[in-house]
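Novice: what follows is a protein structure lacking sequence information:
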């Protein structure tokens, strides 16, 4: 065995090899630097609704375990949008992100997307705290950015362990590429919330 040539872990590769795509999305949204007003917050949650409408069933078609029903956020988004002034009929008419199904085409690519979306709950807690101090925060609050509450760390650790157990030389590249594509797709899909070109 050659010392120093061990294969890097999938978790480590995901962190380093998606860093640029992650930074691009954070820079595009700039939520902590330029907090959205109520109108922009509503548009942002509308766009997240359209993403999750395709993401959640696509992931659940390919991955078992990971307590996926507990990780669903579509119902929370619908409740948040009602709080922000929508009715159920108008929510049903919102556009959906059909491009998700082009990214999630198997178990490996589904796991790459899960890495992105579950990882977002860590930063979401900071966004949630910052939003609560702005005029955008509605009476009754919203739940999307902090869906797991005190269990966020434990839920994320479950994802990390699942990734480690899944890892294989044959499929790690596909997981990483799907994570990069998910970051890029989110940047394009969420752009209307910030008046930027898609």
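Specialist: Arrived safely, thanks for sending. Note that the structure is a prediction, hence the values are computed from the model and not measured. Residues are numbered from 1 along each chain as shown.
Novice: thought residue 107 was touching residue 62?
Specialist: Yes: judged on Cβ atoms under 8 Å, residue 107 makes contact with residue 62 at a distance of 4.7 Å. Bear in mind the C-beta positions are built from the backbone N, C-alpha and C, glycine included.
Novice: tell me the SS of residue 137?
Specialist: coil (DSSP: H, G, I helix; E, B strand; the rest coil).
Novice: skipping adjacent residues, who's closest to it in space?
Specialist: Spatially, and ignoring its direct neighbours in sequence, residue 137 is nearest to residue 131 (5.3 Å; Cβ to Cβ, 6 or more residues apart in numbering).
Novice: and if you look at residue 65?
Specialist: The nearest residue in space to residue 65 (Cβ to Cβ, 6+ apart) is residue 162, at 6.7 Å.
Novice: residue contacts, the closest residue to residue 44 other than its chain neighbours?
Specialist: The shortest distance from residue 44 to any non-neighbouring residue, by Cβ to Cβ, 6+ apart, is to residue 193 (3.9 Å). Applying Cβ atoms under 8 Å, 6 or more residues apart in numbering, one finds that residue 193 lies in contact with 29, 36, 40, 43-44, 46-47.
Novice: just these: which are in helices?
Specialist: Judged by DSSP state H, the contacts of residue 193 include 29, 40, 43-44, 46-47 as members of helices.
Novice: quick one: these as a markdown table, columns for neighbour count and distance to residue 12 too.
Specialist: Output for the ones in helices among the contacts of residue 193, formatted as a markdown table (neighbours: other Cβ atoms under 10 Å; distance: Cβ to Cβ, whole Å):
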| residue | neighbour count | distance to residue 12 |
| --- | --- | --- |
| 29 | 20 | 25 |
| 40 | 17 | 35 |
| 43 | 17 | 36 |
| 44 | 20 | 31 |
| 46 | 21 | 35 |
| 47 | 21 | 31 |
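Novice: for the residues you listed, which one is nearest residue 135?
Specialist: residue 40 (11.7 Å; Cβ to Cβ).
Novice: how far away is the closest one from residue 192?
Specialist: According to Cβ to Cβ, to the nearest Å, residue 40 and residue 192 sit 10 Å apart.
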